[in-house]
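**Student:** Sequence and predicted structure are below.
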Amino acid sequence: MLRTLEMFKQTQQDKDSDTRYKAQRAEIDKAFATIDEQWLSGKIVLNDLIWVLADGKQKDRDAYILPIIQSAIISKVLTIWNESSSVKLNDRAIHTKELPHKAFVLKQDFLNWLQQEQSVQLPQRLIDLAEAKTKEKKPHVPQLQLEALSKLLKEIEQRAISKKIPFNRDEMFGIREQLHELAIIRFGNQLFAKSQHTFFDYLKNGEICKVKRGNRWSPIYSELFPEHPELKERKTSVKTKITQSPN
């Protein structure tokens with residue numbers, strides 16, 4: 001009976017250990033699968049970064065990398081942030097003596113610290129990414145303008161659906177100038193006071209919709225927003241060929 005109980009306990013311990021190992025392996029695999037994208041974005045989950053620096057080895061992570069990172073954070077040489085907001089977590093880490101699991105570091109902050117900390121080696125895959133220029137960061141779209149555009153697209157979509165008009169953000173109605181005009185009407189000149197080309201850049205870099213090249217002016221916007229009769233007027237210039245009538 002006692003031997004059976006001991007065997008049961010051992011079996012349960014083995015199962016628990018196996019579950020922990022699988023969970024840890026999944027965490028390591030995820031870190032290595034996403035680190036390239038994180039690195040290019042300039043914002044890296046701290047826990048993923050530590051796994052990559054330790055090359056996925058628990059021993060190196062706990063005995064070598066983790067203490068160095070912890071020391072840098074406590075001394076406030078390396079700043080860590082909250083995943084969902086721009087709140088520094090260094091003070092919390094110092095108080096609890098633990099690294100928050102969801103914390104992230106900014107790549108440039110990490111590289112600046114790495115120049116001082118010679119004992120930590122940057123993995124070759126990250127060195128290659130640091131030197132690569134294949135994925136350049138797109139120009140920033142101001143948050144207020146991005147939120148306004150998202151709201152406008154949602155409103156267009158809802159109105160189109162209510163009128164049973166097919167809607168696809170990757171194949172917008174009409175031309176970009178019409179969207180610009182509608183954005184000014186709905187939100188005023190203050191948000192979109194800059195040139196049309198700046199607005200076109202917002203559309204492109206915000207990646208919220210696409211207007212196909214070759215599209216023509218469309219009356220659909222005036223149909224969707226009947227409270228704005230000015231949308232019925234075609235304000236874009238059209239070049240016409242003038243031919244001389246025969247005498």
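**Tutor:** That came through fine.
**Student:** count of neighbours near residue 182?
**Tutor:** Using other C-beta atoms under 10 Å, residue 182 is surrounded by 21 other residues. Every residue, glycine included, has its C-beta placed from N, CA and C.
**Student:** so how far is the strand or helix carrying it off the chain centroid?
**Tutor:** Applying DSSP states H and E as the criterion places residue 182 in helix 176-187. Its chain's average C-alpha position is 26 Å from that of helix 176-187, according to C-alpha atoms, centre = their mean, to the nearest Å.
**Student:** pLDDT averaged over it - what is it?
**Tutor:** Mean pLDDT, helix 176-187: 90.
**Student:** I'd like to know which elements that helix is packed against.
**Tutor:** With contacts defined as 3 or more C-beta pairs under 8 Å, 6 or more residues apart in numbering; DSSP states H and E, the packing partners of helix 176-187 are helix 143-162, helix 196-206.
**Student:** Mind putting these into a markdown table with mean pLDDT, mean neighbour count and distance to residue 96?
**Tutor:** Putting the helices and strands packed on helix 176-187 into a markdown table (pLDDT from 0 to 100; neighbours: other C-beta atoms under 10 Å; distance: least, C-beta to C-beta, whole Å) gives the following:
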| stretch | mean pLDDT | mean neighbour count | distance to residue 96 |
| --- | --- | --- | --- |
| helix 143-162 | 91 | 15 | 31 |
| helix 196-206 | 85 | 16 | 38 |
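**Student:** Centroid-nearest residue for this structure?
**Tutor:** In the chain, the centroid-proximal residue (C-alpha atoms, centre = their mean) is residue 41; its distance is 7.4 Å.
**Student:** the inter-axis angle of the helix holding residue 182 versus helix 196-206?
**Tutor:** Calculated by axes from the mean of the first three to the mean of the last three C-alpha atoms, to 10 degrees, helix 176-187 forms an angle of 90 degrees with helix 196-206.
**Student:** got the buried residues for helix 176-187?
**Tutor:** 176-183, 185-187 (16 or more other C-beta atoms under 10 Å).
**Student:** contacts for the lowest-mean-pLDDT helix or strand in the chain?
**Tutor:** Lowest on mean pLDDT, DSSP states H and E among the helices and strands of the chain sits helix 124-131, with a mean of 72. Contacts with helix 124-131, where a contact means C-beta atoms under 8 Å, 6 or more residues apart in numbering, come from 35-36, 39-40, 52, 111, 122.
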